[in-house]
Each structure stands twice: as structure tokens, then as C-alpha cells.
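Asks: Starting from these lines, generate the structure:
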Amino acid sequence: MTIIKNKFLLILNVLRSSFISLVPYYILYSTVLLLIELLRLSGLFPSFFTLDDASNLVNLVTVLLPLLINISISYHLSSLYFTNINKFLTIILSLIIYLSVELIVYGVNIENYSFPKSMGFAIIIPILTSFLLSNYLKFLKPYEEKLNHSLSNNIATMLIYIIPFTLIFFLMTFTFSSLCIVFEIQNNVSFFEQGDETLLLFLRTTISNFLWLLGIHRVNFFDTIFNVNILDNFISENLTYKEFFNLFVVLGGSGGGLSLVLAIFLFSKDKHTSLIGKLSLPFVIFNINEILIFGIPIFMNFSLIIPFILVPIINFLISYMFISYSDIIVFNDLFIPWTTPALVNIYFSTNGNMIAVLMQFCLILLGTFIYMPFIKRYSRTQSSTISLEKTARKFDVSLELESKRDIKFQEAQSSLIRSHNKINKIIDKINQ
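Replies: All right, here's what the predicted structure looks like:
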């Protein structure tokens, strides 16, 4: 049981590393959306870059996510867990299977096929591919050693991989395609019908924010699994469920990013957390909070995941009750992009209704106080620097600590130098 648990935790750690590696992509994706939206609002598009070009660029950056996840998981599994397999060939095999399964399951004409969309396949296929490839190669290891003696390493590797490469491709492509077709598994599961919008939106709020615990890009993943087209229906006059989600639930991005940043500024004494809060603020204002999520971080952080899920749920419940049972706030049909800052978006959506603005402000403030005890506790666990400074002042041992740190550094450097010298001697002997 312990072995299974350790392997599961190791796989989970690999997946976490895979999603962390995509942080620059998340930031690029959000920045592209923001800049194009600013260009659209200002009307400053150059002659060689039209609004249609901008829309195509956004679509391109968006649809790359499943492919990048597939590549990242394949790479990290072969680097950190299944270390006996070739990284390059594993990535290629996983990609080919992924694209083939998508093509067969959804019956897409190859001339119209551009990018895969299934996030579930993007995660599951590289895991199974790496597992099968690793175990198959264990049986072929004696033959690989014989080939290495008679052929160059590259040629031996290619010959060894021909059989498992081919077998695993046909096995996984056929198995996945058959299961999906038999059980009618589609890209978006239509569990919900018209009239279930409130339940679907609640699940979208809860699950999408919880997914950040695993480092999975929240709404993007949820929307690829479930069919959310019914959220385009109206919860109130001129207000769809998706617009309601952007205006009242995720204020400042996932987890109520504005509330989290304010809580950090007001209650955090940890230098690292405060720095991340300052760096992420310009992005959080425009509802882009990947820097905040991966910088603190939120993923695999059980200290902050509770308020991260709780704040959007409370925002959802309060605002839903208010919108459903009162006619105080009237919305217009003006299109407001999701990157529009909080308070500003509700102001323009309601023709300057100050009650609506005040309500949104109160939700942000309430979320800040929900985060307060969690941020304080998390700050105490992270503030090793503060504890060290207090100890140094109390016992006057700062100079001693500094000197010991320098000694340890010098010892580490000497050890590295000795190791390098030994390696150089071994390399010289091998060359001779």
C-alpha cells in the first residue's frame, strides 16, 4: 500500500511540474488577450494587423493549450519518473496517439482538422503511453545491451523502439477510439439541459477553482469537459449566466483575485507573498491572476485552497439571490470583455447604477476578510526570515549565523570542486 501511495504522489508531483512549466504560456496567453482588448477599445490597430488578425491570434494561442499540456506531461514523465525511456520518442508517440484518437473519435475531415481540443485525452494519453513504453522496454533491455555492443547508441535505440512504438500506437489508438465511440464519449459532455443553468454555473464555480489545486487551468479545462452552451441563456434581462459569472463571481480572476491581493497587502508579513502580490496586482486588476496563483502558489497549497474556493461560492450565492429576487439592478446589452476591471465593468453594464457598483465592492471586501485568517496563518508558516531576524536580535547571534552560513557555503564550493576534479580524471581515463 505504501509503494502504491508513493508512486501516486510521485506521479502527482510530475503532473504538478508539468503544469508549472506552462506558467509562461498562461502569462503570454493572458497578456495577448489583454493587449488585443486594449487595442480594440482604443481603435489603434495598425494597417497590417486588423481586428480579424487579432481574433485569429487569440484563437491560435488558446487552442495550443491541450497540445502543450500533452507535450509537457510526456517530457516530465520521461525525465522524472520513467527515466528509462527516450524523451523525444515518448513525446512524438504521445502526440501521434493523441491526434489520431481525436481524429477518429470526432470524425473530423483531415482537410479541416487544425488542433485537438480534448483536455482529458491530453492528460491521460501521455501517462499511459509513458507507462506502457517504460514497461515494454524493460523486457527488451537485454537485447538493447547486445545491440549497444555492436552498433552505435543512436542506431541501437532506434531499432529497440520500432516494435514498442508501433504496438503501443495501434493498441492505444484502437482502445481509446473504440471506448469513446461505444460509450459515445464526446468532447463536451451534455449532462445539463436548459433549466439546469444555475446548477451548472455553481459546479463551474466550484470545480474550476478547485482544479487550481492541481495546477490545472480552471475554466478552460471545465469547459472542454462539459457542454456549457446553456450558460449563454439569460439569468436576467440582458445578463447571461456567463456574464453574471464574470461580473459577480470571479472578481479579479479565479478565487476572487482582488480579494486575495488586498488580503496579502493588509495582513501578510511574508516578504515573498507580499512581493508576489505587488507583481501580480497590475494583472489581477484586469482579471488575469496566473502570476498570483503560481507565484504564491495556490496549486498544492492546502492552506489557501479553502478560501480560494469559498470566496467565489459566496460571491455566487449572494449575487444570485440579489439578482434573482430584486429588480434594483437593470442591465444593458453592452458587450463588456472579461478583462474589463471590476467596478468599471459593472458600472458600464448597468448604465452607472451605483447600487450595483457598491454591491460588487462589498463582495470584494467580504472576500478580503474571508481570506484574512488564512493569509495570516500562511504568512506565519512562510516567514522564516522574520523568525530568524527576531532570534538574531534576541540572542545577538546574527554575526555568528552569517559566519556559519559563509563556512557552509565555502564547504559546499570545495566539495563541488573536488567532485569536478574526480569527474575530469574519470573522463581522461575513458578518453585514454
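Asks: Could you count how many residues lie near the nearest residue to Ile181 once chain neighbours are set aside?
Replies: Of all residues not flanking Ile181 in the chain, Val105 sits nearest, at 6.4 Å (Cβ to Cβ, 6 or more residues apart in numbering). All C-beta atoms are positioned from the backbone trio N, CA, C, and that covers glycine. Other residues near Val105 come to 20 when the count uses other Cβ atoms under 10 Å.
Asks: swap in Asn13?
Replies: For Asn13, the tally of surrounding residues (other Cβ under 10 Å) stands at 14.
Asks: would it count as being in a strand?
Replies: No. Going by DSSP: H, G, I helix; E, B strand; the rest coil, the assignment for Asn13 is helix, not a strand.
Asks: Thought Val228 was touching Thr240, still the case?
Replies: No. Thr240 is beyond contact range of Val228, at 11.1 Å (criterion: Cβ atoms under 8 Å).
Asks: neighbour-wise, which of these two wins?
Replies: For Thr240 versus Val228, the count of surrounding residues by other Cβ under 10 Å is larger for Val228: 21 against 17.
Asks: Who are the contact partners of the more buried one?
Replies: By Cβ atoms under 8 Å, 6 or more residues apart in numbering, the contact list for Val228 reads Asn188, Leu200, Arg204, Phe222, Lys242.
Asks: what about the nearest residue to Trp338 once chain neighbours are set aside, neighbour count?
Replies: Leaving aside its sequence neighbours, Trp338 sits nearest to Asn246 (Cβ to Cβ, 6+ apart; 4.7 Å). Here the number of neighbours of Asn246 (other Cβ under 10 Å) works out to 20.
Asks: ditto for Tyr241
Replies: With other Cβ under 10 Å as criterion, Tyr241 counts 20.
Asks: Ala263 versus the residue nearest to it when sequence neighbours are not counted, what's the distance?
Replies: Nearest residue to Tyr241 in three dimensions, chain neighbours excluded: Leu231, at 4.1 Å (Cβ to Cβ, 6+ apart). Distance from Leu231 to Ala263, counting by Cβ to Cβ, to the nearest Å: 29 Å.
Asks: Give me the more crowded residue out of these two.
Replies: Between Leu231 and Ala263, counting by other Cβ under 10 Å, Ala263 is the more crowded of the two (28 against 20).
Asks: need the contact list for that one.
Replies: Counted by Cβ under 8 Å, 6+ apart, Ala263 has contacts Gly367, Thr368, Phe369, Tyr371, Met372, Ile375.
Asks: Let me know whether Phe210 touches Pro312 as I believe.
Replies: No. Phe210 lies out of contact with Pro312 (Cβ under 8 Å); the separation is 10.2 Å.
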